[in-house]
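Colleague: task: produce atomic coordinates for the following.
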Amino acid sequence: MAGDVSIAAESATPFKRDGALALALGGAFGVAAALAVPPLVGALPREASDLPLPLPLFCLFLAVQMTVLYGLLALAGLRLARRQGLEPLWAQTAARQRTIPIAAAALGLGMLRGVWLIGAVAAIQRLAPGTLPEALHPPTWAAALAASTAASIGEEILFRLFLLTLLLRLLPRQRWAVAGAVGISALAFGAAHTPGLVYLYGGFGAIPRLTWVWLLALNGALGVVYALTYLRAGLIAAMLAHFGTDLIWHVASRALA
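Modeller: Residues are numbered from 1 along each chain as shown. Next comes the predicted model:
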């Protein structure tokens, strides 16, 4: 009997640890999302900035909701990863090396992708004018920084830790499965930016056809980079790469403008 209790306690320990990690991840996104609301809402037109609750109360409810929702997504992703023998937060390949160089490399990789994105968008604007919205960044550098922080946490939890790990679990264990999972998660990541595009163009029907290509191609390419970073070095590295991209693309571009 005592042995059974000991075994049960040992088997429950990883779940408890993952529960605590998931709560921390969901809480981090909840706080980041709530902090992003004031600078974003303050810069929106009046018809788009009316909230159903006073701003502080709205931010509080948003933080709680996102903590619960993304905490559950994180927990599911962590458990799925464990069952496949993965260490999702800081992968084994990264754990064998020094933490700071890996983190710096991930951030630097993301910043390079931010420079690439600036160049790609400039080329599209020159060669195919009118196929990208005029407003590509949050209205102020503070809003850009807040939104970039929230996106780097929340989108990596959703699309890499949860969705990519789930796809790896569902697809057959064959060579093409990893490429398929990365591709599907990257396309989903790109498609998830559709609501922002609809808002910027003022309606679904007003979006040029070629814009859909740019939406999926640009965001999808970034999604592939973040997915490979996640598989190689873990979720934290993917978050840093994502933040590095947004730091250059949204924050630095906005500050310089």
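Colleague: hey, let's count contacts and neighbours off CA atoms from now on
Modeller: OK.
Colleague: buried stuff in stretch 23-42?
Modeller: 23-41 (16 or more other C-alpha atoms under 10 Å).
Colleague: among those residues, which lie within strands?
Modeller: Nothing among the buried residues of stretch 23-42 maps onto strands, per DSSP state E.
Colleague: any idea how far the helix ranked longest in the chain is from the chain center?
Modeller: Determined from DSSP state H, the single longest helix within the chain is helix 2-41. Distance, stretch centre to chain centre, for helix 2-41: 17 Å (C-alpha atoms, centre = their mean, to the nearest Å).
Colleague: repeat for stretch 168-176
Modeller: Distance, stretch centre to chain centre, for stretch 168-176: 23 Å (C-alpha atoms, centre = their mean).
Colleague: contacting residues around L25?
Modeller: Neighbour list for L25: 67, 70-71, 74, 153, 157 [criterion: C-alpha atoms under 8 Å, 6 or more residues apart in numbering].
Colleague: low-confidence ranges in the stretch 1-150 of the chain?
Modeller: 1-13, 43-49, 92-97 (pLDDT under 70).
Colleague: please, where are all the helices along it?
Modeller: 2-41, 46-49, 55-83, 92-95, 99-127, 141-155 (DSSP state H, counting those that start in this stretch).
Colleague: just the stretch 151-257 of the chain next, same as before
Modeller: Using DSSP H, counting those that start in this stretch, helices in the stretch 151-257 of the chain cover 165-170, 175-191, 194-201, 209-233, 235-246, 253-256.
Colleague: can those go into a markdown table with extra columns for distance to E87?
Modeller: Shown next, in a markdown table, are these (distance: least, C-alpha to C-alpha, whole Å):
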| stretch | distance to E87 |
| --- | --- |
| helix 165-170 | 11 |
| helix 175-191 | 16 |
| helix 194-201 | 32 |
| helix 209-233 | 9 |
| helix 235-246 | 9 |
| helix 253-256 | 35 |
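Colleague: and those, which is most packed in?
Modeller: Stretch with highest mean neighbour count among those: helix 235-246 (a mean of 27; mean count of other C-alpha atoms under 10 Å).
Colleague: if we can go back for a sec, nearest to S185 among the contacts of L25?
Modeller: Proximity of these to S185 (C-alpha to C-alpha) peaks at I157, which lies at 11.9 Å.
Colleague: surely that closest one touches L73?
Modeller: Yes: judged on C-alpha atoms under 8 Å, I157 makes contact with L73 at a distance of 7.1 Å.
Colleague: so what's in contact with those two at the same time?
Modeller: By C-alpha under 8 Å, 6+ apart, no residue touches both I157 and L73.
Colleague: neighbour-wise, which of these two wins?
Modeller: A side-by-side neighbour count of I157 and L73, using other C-alpha atoms under 10 Å, places I157 first with 28 against 21.
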